[in-house]
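Visitor: following is a predicted model, sequence given first.
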Amino acid sequence: DAKTTQPNSMESNEEEPVHLPCNHSTISGTDYIHWYRQLPSQGPEYVIHGLTSNVNNRMASLAIAEDRKSSTLILHRATLRDAAVYYCILRDASQGAQKLVFGQGTRLTINP
Amino acid sequence: GAGVSQSPSNKVTEKGKDVELRCDPISGHTALYWYRQSLGQGLEFLIYFQGNSAPDKSGLPSDRFSAERTGGSVSTLTIQRTQQEDSAVYLCASSLVIAGNYEQYFGPGTRLTVT
């Protein structure tokens, strides 16, 4: 599995935007970029995924670099509930359903 | 709709005993996964089932661990002769298998404590 690199932790203030970076320099052409987050004492939950184009959904936006070697998860207006560990994961779509390989993720702290 | 459910939510067992953990996936999801998360550790893949294919058991840490999925739905993870290092939160997830999108839905987990 292609590897991703994320900062161990980040901190932001409530109601401000948050940009969570992820580097994936060895990404292959069939790798999708997935983001999951894990709130305290809960199982992970899907946030967003993309292949080449930027993506938006109700939770967040995903900005993908033109060379696809990095991406950024954007929370437009952070709330206290967004405090979680955020995982950036590459998944090869040509391989069918497959396990998620979690790294250490970024622990996001939101200050009131 | 109903999400992935797991039971029990908490299990305390004595070292050497066998335990069974249950997962009820979302109805219609053909893929089912087991992961575990030890205290202070990341999420570790254990096993996954997809339809009628042979399961991928590559993440099982020892032969004390086994899992089955009956009727393409409910799954049971069994740990025999439990050890203290088996203490962790065991998470189950399920997904549809649609080209390009394999979003996994996780259950709340079973917290296993081996004393």
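Guide: Structure's in. What do you need?

Visitor: quick one: secondary structure of the residue nearest to residue A:50 when sequence neighbours are not counted?
Guide: Excluding the flanking residues, the one nearest residue A:50 by Cβ to Cβ, 6 or more residues apart in numbering or on different chains is residue A:62, at 4.7 Å. Using the backbone N, CA and C atoms, a C-beta is placed for each residue, glycine as well. Look at residue A:62: counting by DSSP: H, G, I helix; E, B strand; the rest coil, its state is strand.

Visitor: ranges for the strands of chain B?
Guide: B:5-7, B:10-13, B:19-24, B:31-37, B:43-50, B:65-69, B:75-79, B:88-95, B:105-106, B:110-114 (DSSP state E).

Visitor: cool, and chain A?
Guide: A:9-13, A:18-23, A:31-38, A:45-50, A:55-56, A:61-64, A:70-75, A:84-92, A:106-111.

Visitor: among these, which is nearest residue B:57?
Guide: strand A:84-92 (19.6 Å; Cβ to Cβ).

Visitor: kindly state the pLDDT recorded for the residue nearest to the spatial centre of chain A?
Guide: The centroid of chain A falls nearest to residue A:35 when counting by Cα atoms, centre = their mean (3.4 Å). We have a pLDDT of 96 for residue A:35.

Visitor: which residues does it contact?
Guide: A:20, A:22, A:46-49, A:60, A:62, A:73, A:86-89 (Cβ atoms under 8 Å, 6 or more residues apart in numbering or on different chains).

Visitor: picking up where we left off before, do you know how far the residue nearest to residue A:50 is from chain B?
Guide: 14 Å (Cβ to the nearest Cβ, to the nearest Å).

Visitor: and the closest residue to chain A within chain B, how many neighbours?
Guide: Residue of chain B nearest chain A, by Cβ to the nearest Cβ: residue B:106 (3.2 Å). Using other Cβ atoms under 10 Å in any protein chain shown, the number of residues around residue B:106 comes to 23.

Visitor: re earlier: not counting sequence-adjacent ones, nearest residue to the residue nearest to the centre of chain A?
Guide: Nearest one to residue A:35, counting by Cβ to Cβ, 6+ apart, is residue A:47 at 4.2 Å.

Visitor: and residue 58, what does it touch?
Guide: As the question left the chain open, I've gone with chain A. Per Cβ under 8 Å, 6+ apart, neighbours of residue A:58: none.

Visitor: please go with chain B instead
Guide: Taking Cβ under 8 Å, 6+ apart as the test, what residue B:58 contacts is B:45, B:47.

Visitor: distance of it from residue B:65?
Guide: 12 Å (Cβ to Cβ, to the nearest Å).
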